[in-house]
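Undergrad: Need the 3D shape of this:
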Amino acid sequence: MASRAALRLRAYADKHINSGSFEPLKQVMVTIGCASFVAECFHHDHMAKLQVIAAEKQKNALLDSRNLAAQALKDNRTEIEQTKETIQLSHQIIDQSKQRIAELEKQQVQLEGAVKESQEKVDAFKPPAKH
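TA: Sure, this is the predicted structure:
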């Protein structure tokens, strides 16, 4: 005696397979199609999440490089300003030094005159005679 499952399988085969019906094929195709659709949806969602993560990483890398470039620009501007200040201070020091040289040259003329005058006094000096 055949079991109930075997009887149902035989009834299904007689109704659909042996009669030339395409119902089993339709059922299989619909099942495969639905499963493929669901799998594709999951795959698409997963790929979209991976693309978002990759885009965020790329954006962060670009932000980091922009920040480095901005910092380099800021450092460059600071160095330019410091160099300008150094040049300005150098000009002031040079001007002060030129003024000091001019003062020393005037003083030198006066000192040369004083030395000449002192030498003339030394040459003209006659010690008093000894008693």
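Undergrad: Relative to residue 114, how far out is residue 105?
TA: For residue 105, the distance to residue 114 (Cβ to Cβ, to the nearest Å) stands at 15 Å. (Each C-beta comes from the backbone N, C-alpha and C, glycine too.)
Undergrad: next one: residue 29
TA: In this structure, residue 29 and residue 114 are 124 Å apart, going by Cβ to Cβ.
Undergrad: How about residue 107?
TA: Summarising the geometry, the distance separating residue 107 from residue 114, computed by Cβ to Cβ, is 10 Å.
Undergrad: cool, and residue 23?
TA: As defined by Cβ to Cβ, residue 23 lies at a distance of 134 Å from residue 114.
Undergrad: Would you map the helices across this structure?
TA: Under the criterion DSSP state H, the chain carries helices at the ranges 4-12, 23-124.
Undergrad: Dump these into CSV; add distance to residue 130 and mean neighbour count as well.
TA: Formatted as CSV, the helices of the chain follow (distance: least, Cβ to Cβ, whole Å; neighbours: other Cβ atoms under 10 Å):
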stretch, distance to residue 130, mean neighbour count
helix 4-12, 162, 10
helix 23-124, 19, 10
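Undergrad: any chance of these in TSV, plus mean pLDDT?
TA: Supplementary listing: those in TSV, determined by pLDDT from 0 to 100:
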stretch	mean pLDDT
helix 4-12	82
helix 23-124	93
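Undergrad: Off-centre distance for stretch 61-75?
TA: Centroid displacement of stretch 61-75 relative to its chain, using Cα atoms, centre = their mean, to the nearest Å, is 3 Å.
Undergrad: Stretch 64-79 too?
TA: Averaging C-alpha positions (Cα atoms, centre = their mean) puts stretch 64-79 7 Å from its chain's average.
Undergrad: Let's see it as CSV, backbone CA atoms only.
TA: Output in CSV follows, covering the C-alpha atoms of stretch 64-79 (Å, rounded to 0.1, in the frame of the first residue of the first chain):
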residue,chain,number,x,y,z
ASP,A,64,42.5,65.9,4.8
SER,A,65,44.4,66.9,1.7
ARG,A,66,42.6,70.2,1.5
ASN,A,67,43.3,70.9,5.2
LEU,A,68,47.0,70.1,4.7
ALA,A,69,47.1,72.4,1.6
ALA,A,70,45.3,75.1,3.6
GLN,A,71,47.8,74.7,6.5
ALA,A,72,50.7,74.9,4.1
LEU,A,73,49.3,78.1,2.5
LYS,A,74,48.8,79.6,6.0
ASP,A,75,52.4,78.7,6.9
ASN,A,76,53.7,80.2,3.7
ARG,A,77,51.8,83.4,4.3
THR,A,78,53.2,83.6,7.8
GLU,A,79,56.7,83.0,6.6
